[in-house]
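1. Mind looking at a prediction? Sequence and model below.
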Amino acid sequence: MFRSSASTLALVTLAALAAGCQNAGDDQPQSVPATTGGTPTAGATPTVLVAPTASASPSVGTAANTAAVCRAVDQLIIDGSRRIAVDSSAATERELTPEQLNGQLNGSLARLADDVRDEGAKAEDPRIRRLLTDVAGRLDAGAEATSPAKWMQTSFVDIPQRLTRDCHV
C-alpha cells in the first residue's frame, strides 16, 4: 500500500509540473524523459513537459526585474517538483514509513517556500512581491500539512498555473 502512495505522489508531482509549466504563448512545451534515479514502474518511461523559457520583455509599467524574478521562481518550482518526485521514488526503494515520507515532503516544501520567498524579496514590483509572498505562504501550508501528499494533489497543482497567469504579465 505504501509503495502505491509514494508512486501516486511522484505521478501527481510530475502532473503538476507538466500542467503548470506550460506557456500560454506560441512556444510548445517539449516532452522529455523524467529521470528518477531508478527503474520506471511497469517498464514505462515517465515523461514531463518542460516549458520553453519565456523571452518576453517586461511590459510598460512593470519593474525591470519582473521577468527575471518570475523565470527564477518558475525554475525553483520545476526543480522543486523534480526533487520531490525523485525523493518520492527513492522513498519506495528505501521503504520509508508514511510518517517518514510525510516528514521528508514537509521539509522539501518548507525549503521550496523559503526559496520562493527569497526570490520574491528581489522583485521590484510590489504586485509580484505580494504574489510570491502568497505563493510561499501556500507552500508553507503544505509544509505544515499532516498529509502533504494530499495537499499536493489539491493545492500544489494550482501554483504553477497561477504563476503562469499572474507573474508573466
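-> Great, that's in hand.

2. Output the contacting helices and strands for the top helix by length along the chain.
-> Secondary structure of the chain read by DSSP state H shows that its longest helix is helix 66-94. Counting contacts by 3 or more C-beta pairs under 8 Å, 6 or more residues apart in numbering; DSSP states H and E, helix 66-94 is packed against helix 2-20, helix 98-121, helix 126-144, helix 158-166. For glycine as for every other residue, the C-beta is placed from the backbone atoms N, C-alpha and C.

3. repeat that for 10 Å
-> Packing partners of helix 66-94 (3 or more C-beta pairs under 10 Å, 6 or more residues apart in numbering; DSSP states H and E): helix 2-20, strand 47-50, helix 98-121, helix 126-144, helix 148-151, helix 158-166.

4. Lowest mean pLDDT across those, which one is that?
-> When the helices and strands packed on helix 66-94 are ranked by mean pLDDT, strand 47-50 comes last with a mean of 40.

5. what's the neighbour count on Val73?
-> 25 (other C-beta atoms under 10 Å).

6. again with Asn106
-> 17.

7. Burial check on the residue lying closest to it once chain neighbours are set aside, number of neighbours?
-> On the basis of C-beta to C-beta, 6 or more residues apart in numbering, the spatially nearest residue to Asn106 that is not a chain neighbour turns out to be Ala143, at 4.9 Å. Counted with other C-beta under 10 Å, the neighbours of Ala143 add up to 19.

8. for Leu101, same thing?
-> Leu101 has 21 neighbours, counted by other C-beta under 10 Å.

9. For stretch 148-164, buried residues please.
-> Pro148, Ala149, Trp151, Met152, Gln153, Ser155, Phe156, Val157, Ile159, Pro160, Leu163, Thr164 (16 or more other C-beta atoms under 10 Å).

10. Give me the angle between the longest helix of the chain and helix 126-144.
-> Here helix 66-94 runs at an angle of 10 degrees relative to helix 126-144 (axes from the mean of the first three to the mean of the last three C-alpha atoms, to 10 degrees).

11. Let me see the mean pLDDT of helix 66-94.
-> Per-residue scores along helix 66-94 average to 90.

12. Cool, thanks, signing off.
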